[in-house]
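with the sequence up front, the predicted model follows.
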Amino acid sequence: MLLLYLAQTINSGLALGAVYGLMALGFSLVYNSSRLINFAQGELLLLSGLGLYSMTQAFSLNPLLAIAAAGLWGLMLGVVLYATTLGFSLRKHPLKQLMLTVAASLTWQGAAILVWGKKPLMLPQLLPLSSVRLGPLFFSQDTLTALILAMGSGALLSLFLRYTRWGRAIRAVSMNPLAATLQGVNPKKAYAMTFALAGLLAALAGMAVGPQTMLRYDMGLGIGLKGFVAATLGGYSSLGRVFLGGIGLGLLEALLILTLGAEIKEAVTYSILIVILILMPHKEREAVRA
Amino acid sequence: MPELDMTQTARLPNPDALSREAAPAAAFFVPLAVLGLLLPSYSLLAVNQHLLLAVNVLALNFCLGLGGQASLAQGAFCGMGAYLSTLTVSAWPEGAAILLPIIVAVVFVTGALISYPMEALGEGFLAMATLGISLIFTNVVHSLPELTGGGEGMVLHEPIALPIIGALQGDRLHYFLLLALLAVGVYLYVCMRGSRLGRALMACREDSLAAAACGVSRPRVRAMAFGLGAALSAVAGALYAHYAGFISPNQFDLHLSLKALLFLVIGGPGRLYPPLLAVLLLETALSEAQILGEARTLAHGLLLAAALLFDPERRLPGLESLVPRTLRRRIS
């Protein structure tokens, strides 16, 4: 009986953990390159998921087409977010940039209420997968979708950052924007690229989380904060560790639900975040922008 | 090299700074007091909600306006005051005069203790951590249904009863109570801004490294500002809870914190009356406009964005360049 509970816990933990991992990747991409805490990260997930929902209502999408549509829509949302927040406040005070992302978060949430209403919407399962049983463990369709989307995009992102010209530009700007500029990199393009990538990852996360928990207009800040917790657990710098931070957070939450109940788990998660932040102060480095 | 004029740089702030504040204070509070006397009693219910928000905005001004720390925990402190006073005063109705100061002290210490270790986090991380505190508060309230009523909230039957004055009841009385609280907050703010503590806070806001190098204990002064703001919010929450007769976690969730931040930024953090005016005017306009309906969140977001783009430091960007450079330097 206990084994069954544990298997269920691992199953649901991995399903949410993969989503948190994707959010955390997007979060740390933006943070590393521009030192900006993106409050609207969760709204990227919300709007891309809702957009995908409308697409599934209008057309019948096959799996590849669905991923491509979600990805493109997410990329576009990311660029729009960049253009309306950091894009024209590059030389402003960091607090002002932060507040602009808060404004974007409110605005996008308001737009979501106007277009899609306040009722939670169920995104259909878009990948044709069936649940798998491995000895005592089992993985449901939701879990497999989330894991495949997360690991696939994580691997592609890692290759992109390592081997392409644009990826190297992003890494150079993350290390030192001034030096990167002197080498001919346009940091603004790199910032815009990280926002677009964050949008893409959030869209895939939306695709994974939509069938699990449904999409609701007020889920953005909460899930964005979870991504932040995961990124903090992972330490922002390495893709693998940040993603593992997400998986770890998902498993921890599932374990907390099993032991303490669903209601108090959020409070425990956020308390852990605050303790970690205080014990290992990730002091914000001065944003040296070129 | 021009000689440094020591009398200029070392000049102390005007001793009658408080009397200089009298005129704007009168211009702000007298019309509000007149309004409170003229408005019909039933319409004061909505106005009192705006006043509650105004007190929260003022409370946030202590840590964001003076100390430069954007906090999203204001709603949690307000709710803490409301819940603590509901739970204790309904258990001991005659003891309100003793319980309320204790609650205020408890929330002050809580706020200060929360802020103290978080000081080193920097703006973005602090905002995230305080967002976490806001969510923790609503979650704890939700998860203790036998004590707090959970998501359904709880109904209060006990008004605050003070010795001599008696029970506090009625819309108009609470309007003036909240207004008086706002006035006390404004007085505290003005005193603090002119004091050594306030100057230390503003130094932290302008350049935290330089402030620390000049011997300012950043965690300590910021914890003080955070705690004062928290205490002010808690009083407002307690007053409002007994006035409304019903509290639920939804009243003190993230929405309240976000709104406080929103109106403070619209009015300009660090300025005293514009944010309060922004709350009272804009919030009244927004809640009266029935056309908006579901678009209220969108309107809030757009307002915040507009306030951020309209840089208060440079009201008229075109005019500045018309002034010759030498003159400009002399003016500044």
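Here it is on my side, so go on. Residues are numbered from 1 along each chain as shown, chains lettered A, B, ... in the order given.

going forward, measure contacts between C-alpha atoms and count neighbours the same way
Noted.

tell me which residue is most central in chain B.
In chain B, the residue lying closest to the centroid (C-alpha atoms, centre = their mean) is residue B:59, at 2.2 Å.

secondary structure element holding it?
Residue B:59 belongs to helix B:44-60 when assigned by DSSP states H and E.

elements contacting the following helix or strand past that helix?
Once the chain leaves helix B:44-60, the next helix or strand it forms, by DSSP H and E, is helix B:74-91. In terms of contacts (3 or more C-alpha pairs under 8 Å, 6 or more residues apart in numbering or on different chains; DSSP states H and E), helix B:74-91 is packed against helix B:44-60, helix B:96-118, helix B:123-143, helix B:218-244, helix B:254-267.

same thing but at 6 Å, please
When contacts are defined as 3 or more C-alpha pairs under 6 Å, 6 or more residues apart in numbering or on different chains; DSSP states H and E, helix B:74-91 sits against helix B:218-244, helix B:254-267.

burial measure for the closest residue to residue A:119 other than its chain neighbours, as a count.
Nearest residue to residue A:119 in three dimensions, chain neighbours excluded: residue A:216, at 6.6 Å (C-alpha to C-alpha, 6 or more residues apart in numbering or on different chains). Applying other C-alpha atoms under 10 Å in any protein chain shown, we find 21 other residues in the vicinity of residue A:216.

residue A:216 touches residue A:117, doesn't it?
No: with contact defined as C-alpha atoms under 6 Å, residue A:216 and residue A:117 do not form a contacting pair (8.8 Å).

run through chain A and note the low-pLDDT ranges.
A:281-290 (pLDDT under 70).

follow-up on the earlier one: nearest to chain A, of the helices and strands packed on helix B:74-91?
Set against chain A and scored by C-alpha to the nearest C-alpha, these come closest in helix B:254-267, at 8.4 Å.

quick check: buried residues in that closest one?
B:254, B:256-267 (16 or more other C-alpha atoms under 10 Å in any protein chain shown).

just the CA trace of the next helix or strand after that helix, in PDB.
Sequence order places helix B:273-278 as the next helix or strand after helix B:254-267, per DSSP H and E. C-alpha atoms of helix B:273-278 as PDB (Å, rounded to 0.1, in the frame of the first residue of the first chain):
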ATOM      1  CA  TYR B 273       0.100  63.100  -0.700                       C
ATOM      2  CA  PRO B 274       0.100  62.200  -4.400                       C
ATOM      3  CA  PRO B 275      -0.200  58.400  -3.800                       C
ATOM      4  CA  LEU B 276      -3.000  59.000  -1.200                       C
ATOM      5  CA  LEU B 277      -4.800  61.200  -3.700                       C
ATOM      6  CA  ALA B 278      -4.200  58.600  -6.400                       C
END
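
residues of chain B that sit close to chain A?
Selection of chain B residues close to chain A by C-alpha under 6 Å from any C-alpha of the partner chain yields B:121, B:124, B:129, B:132, B:136, B:139, B:143, B:297-298, B:301, B:304-305.

now the stretch 101-250 of chain B against chain A: closest residue?
residue B:136 (4.5 Å).

surely that residue and residue A:267 touch.
Yes: between residue B:136 and residue A:267 there is a contact at 4.5 Å, judged by C-alpha under 6 Å.

so for those two, which sits in the more crowded spot?
Ranked by neighbour count (other C-alpha under 10 Å), residue B:136 and residue A:267 place residue B:136 first, with 23 against 20.

residue A:222 versus the more buried one, what's the distance?
The gap separating residue B:136 from residue A:222 is 11 Å, by C-alpha to C-alpha, to the nearest Å.

one more: residue A:139?
According to C-alpha to C-alpha, residue A:139 stands 25 Å off from residue A:222.

give me the more crowded residue out of those two.
Set residue A:139 next to residue A:222 and count neighbours by other C-alpha under 10 Å: residue A:139 wins out with 21 against 16.

beta partners of the more buried one?
residue A:132 (DSSP bridges).

list the buried residues in the helix or strand hosting residue A:18.
Using DSSP H and E, residue A:18 sits within helix A:2-34. When burial is assessed from 16+ other C-alpha under 10 Å, helix A:2-34 yields the following buried residues: A:6-34.

now the element after the helix or strand hosting residue B:173, going C-ward?
Per DSSP H and E: residue B:173 is located in helix B:171-194. Going down the chain from helix B:171-194, the next helix or strand is helix B:196-206, by DSSP H and E.

flag every buried residue along that next one.
For helix B:196-206, burial by neighbour count (16+ other C-alpha under 10 Å) applies to B:197-205.

which residues sit against it?
B:66-68, B:192, B:211 (C-alpha atoms under 6 Å, 6 or more residues apart in numbering or on different chains).

can I get these in JSON lines including neighbour count?
Formatted as JSON lines, those follow (neighbours: other C-alpha atoms under 10 Å in any protein chain shown):
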{"residue": "B:66", "neighbour count": "27"}
{"residue": "B:67", "neighbour count": "28"}
{"residue": "B:68", "neighbour count": "24"}
{"residue": "B:192", "neighbour count": "17"}
{"residue": "B:211", "neighbour count": "19"}
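
ok, these vs residue B:37, which is closest?
residue B:192 (30.8 Å; C-alpha to C-alpha).

so who does that closest one touch?
residue B:198 are the contacts of residue B:192 under C-alpha under 6 Å, 6+ apart.

repeat the analysis, applying 10 Å as the threshold.
Residue B:192 makes contact with B:62, B:66, B:186, B:198-199, B:201, B:225 under the criterion C-alpha atoms under 10 Å, 6 or more residues apart in numbering or on different chains.

from residue B:60, how far off is it?
Per C-alpha to C-alpha, residue B:192 is found 14 Å from residue B:60.

where do the strands sit along chain A?
Here chain A has its strands, by DSSP state E, at A:132-134, A:137-139.

go through the ones you listed and pick out the most buried.
Highest mean neighbour count among the strands of chain A (mean count of other C-alpha atoms under 10 Å in any protein chain shown): strand A:137-139, with a mean of 18.

state the number of residues packed around the residue nearest to residue B:33 when sequence neighbours are not counted.
Among residues not flanking residue B:33 along the chain, residue B:176 sits closest, at 7.5 Å (C-alpha to C-alpha, 6+ apart). Neighbours of residue B:176 under the rule other C-alpha under 10 Å: 17.

same question for residue B:281.
Counted with other C-alpha under 10 Å, the neighbours of residue B:281 add up to 12.

I figured it hits residue B:50, correct?
Yes: applying C-alpha atoms under 10 Å, one finds residue B:281 in contact with residue B:50, separated by 9.2 Å.

residues from the stretch 51-200 of chain A in reach of chain B?
Residues of the stretch 51-200 of chain A lying close to chain B by C-alpha under 10 Å from any C-alpha of the partner chain are A:84-85, A:88-89, A:94-114, A:117-118.

narrow those residues to those that are buried.
Using 16+ other C-alpha under 10 Å as the burial test, these include A:84-85, A:89, A:94-114 as buried.

pLDDT below threshold where in the stretch 151-300 of chain B?
Filtered on pLDDT under 70, the stretch 151-300 of chain B yields the residue ranges B:163-164, B:166.

picking up where we left off before, next, format the buried residues of helix B:196-206 as CSV and append distance to residue A:257.
CSV is the format used below for the buried residues of helix B:196-206 (distance: C-alpha to C-alpha, whole Å):
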residue, distance to residue A:257
B:197, 45
B:198, 45
B:199, 47
B:200, 45
B:201, 42
B:202, 44
B:203, 45
B:204, 42
B:205, 41
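
now, the most widely separated pair of those?
For the buried residues of helix B:196-206, with distances taken as C-alpha to C-alpha, the pair at the greatest spread is B:197 and B:205 (12.5 Å).

tally of neighbours for residue A:131?
Residues lying near residue A:131 (other C-alpha under 10 Å) number 12.

how near is the nearest residue to residue A:221 once chain neighbours are set aside to residue B:268?
In space, and not counting its chain neighbours, residue A:221 is closest to residue A:42: 5.5 Å by C-alpha to C-alpha, 6+ apart. Per C-alpha to C-alpha, residue A:42 is found 27 Å from residue B:268.

settle it for me: which of these two has more neighbours?
Set residue A:42 next to residue B:268 and count neighbours by other C-alpha under 10 Å: residue A:42 wins out with 29 against 21.
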